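K.L.:
dropping a prediction and its sequence here:
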Amino acid sequence: MAKIFRYELKRMLFSKFYIALLIINGAFAWFVLTTDIIAGVAFTAPFSFWSYGAYMATVMPMAMMTAMFLLSSYYSKNEKQVEVLTSATPVDEVKYMLVRNATVALGFLLLILTAILLSSYFYSTYFGYWNFGFLWIAVLTIMPGFVFFIGLGHWAGSVRTWFLYVLVPVTFAVGFLRHPIALDIYGGGYYSGFPLTLPVGADGEPAFVLSAVFLVTRALYLIIGGACWLYALYKSCANKKAGSES
């Protein structure tokens, strides 16, 4: 499995396509920092948790769309032809899917780390400010959306490949739609809108709070994504078993 993982990394993350997307994601993240975040979000400081959450929520759609592009390659026509051959091999299907998910997750993580490093440079250069407490806001913002869409992508790919291709632009579009907190998968609306409903504290801005509705919806997205992934894994194992018996 280690050899397969190294092969997948070389095939996917060292491709010109991925490197180009990495550069585009980084350029977009810097644009967001220097145009939107530098002024602060919802009348809060640029280095407030509200502003940082809004920053991560804004860069998430493009990073997530890139991850979905990576995932879609596993459900392409060429890949399906390869699976016909591998179905007769003794490769453990669970481990094989975990390797694939690890490759996509690593590709996504590199995009997010780039965004975080750029934000650290931005805050230190423009404001002389360092705060690693921002990292938990980043995790809270990226994990529900990533698990939900990757799980949904596996489900879509296992049912109809074209479902997954339709889902790729959807992951980007939903990040810029106006919707209630319950449907705000990336959290952008929450971070930029909810502080406007809170009282201003002694420091001149509202305290950072996480509403129960927001936390519950994050948990639901994680559960739904995990369930979709398990379904896709079950179907993949069933297909492999059927292929080996035929």
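P.N.:
Now that the structure is in, tell me what you want to look at.
K.L.:
which parts of this structure are helices?
P.N.:
2-12, 16-35, 49-72, 77-86, 93-127, 134-159, 161-173, 188-193, 212-245 (DSSP state H).
K.L.:
low-confidence ranges in the chain?
P.N.:
In the predicted model of the chain, residues 1, 77-93, 178-182, 236-246 satisfy pLDDT under 70.
K.L.:
residue nearest the centroid of it?
P.N.:
residue 146 (3.5 Å; Cα atoms, centre = their mean).
K.L.:
so that one makes contact with residue 107?
P.N.:
No. Taking Cβ atoms under 8 Å as the definition, residue 146 is not a contact partner of residue 107, at 11.2 Å. In short, each C-beta sits where N, CA and C put it, glycine included.
K.L.:
I'd like the helices of the chain laid out as CSV, including distance to residue 199.
P.N.:
Listed next are the helices of the chain as CSV, based on distance: least, Cβ to Cβ, whole Å:
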stretch, distance to residue 199
helix 2-12, 48
helix 16-35, 28
helix 49-72, 14
helix 77-86, 54
helix 93-127, 25
helix 134-159, 21
helix 161-173, 34
helix 188-193, 15
helix 212-245, 18
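K.L.:
and those helices: which comes nearest residue 201?
P.N.:
With Cβ to Cβ as the criterion, residue 201 lies closest to helix 49-72 of these, at 12.1 Å.
K.L.:
quick one: list the elements packing against the closest one.
P.N.:
Judged by 3 or more Cβ pairs under 8 Å, 6 or more residues apart in numbering; DSSP states H and E, helix 49-72 is in contact with helix 16-35, helix 93-127, helix 134-159, helix 161-173, helix 188-193.
K.L.:
quick one, the fourth one and helix 49-72 angle?
P.N.:
Going back to what we said before, that points to helix 161-173. Here helix 161-173 points in a direction 160 degrees away from that of helix 49-72 (axes from the mean of the first three to the mean of the last three Cα atoms, to 10 degrees).
K.L.:
among the helices of the chain, which is nearest residue 200?
P.N.:
With Cβ to Cβ as the criterion, residue 200 lies closest to helix 49-72 of the helices of the chain, at 12.3 Å.
K.L.:
now the closest one: how far from the chain's centre is it?
P.N.:
The chain centre lies 6 Å from the centre of helix 49-72; the measure is Cα atoms, centre = their mean, to the nearest Å.
K.L.:
using CSV, write out every CA atom in that helix.
P.N.:
C-alpha atoms of helix 49-72 as CSV (Å, rounded to 0.1, in the frame of the first residue of the first chain):
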residue,chain,number,x,y,z
PHE,A,49,-11.7,35.4,15.0
TRP,A,50,-14.7,36.7,13.0
SER,A,51,-12.4,38.0,10.2
TYR,A,52,-10.2,34.9,10.2
GLY,A,53,-13.2,32.6,10.0
ALA,A,54,-14.6,34.7,7.1
TYR,A,55,-11.2,34.4,5.4
MET,A,56,-11.1,30.6,5.7
ALA,A,57,-14.7,30.4,4.5
THR,A,58,-13.9,32.5,1.5
VAL,A,59,-10.9,30.4,0.3
MET,A,60,-12.7,27.1,1.0
PRO,A,61,-14.8,27.0,-2.1
MET,A,62,-11.9,27.1,-4.5
ALA,A,63,-9.8,24.7,-2.4
MET,A,64,-12.8,22.3,-2.2
MET,A,65,-13.4,22.5,-5.9
THR,A,66,-9.8,21.6,-6.5
ALA,A,67,-10.1,18.6,-4.1
MET,A,68,-13.2,17.5,-6.0
PHE,A,69,-11.3,17.7,-9.3
LEU,A,70,-8.7,15.3,-7.8
LEU,A,71,-11.5,13.0,-6.6
SER,A,72,-13.2,13.0,-10.0
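K.L.:
I am finished for the moment; much appreciated.
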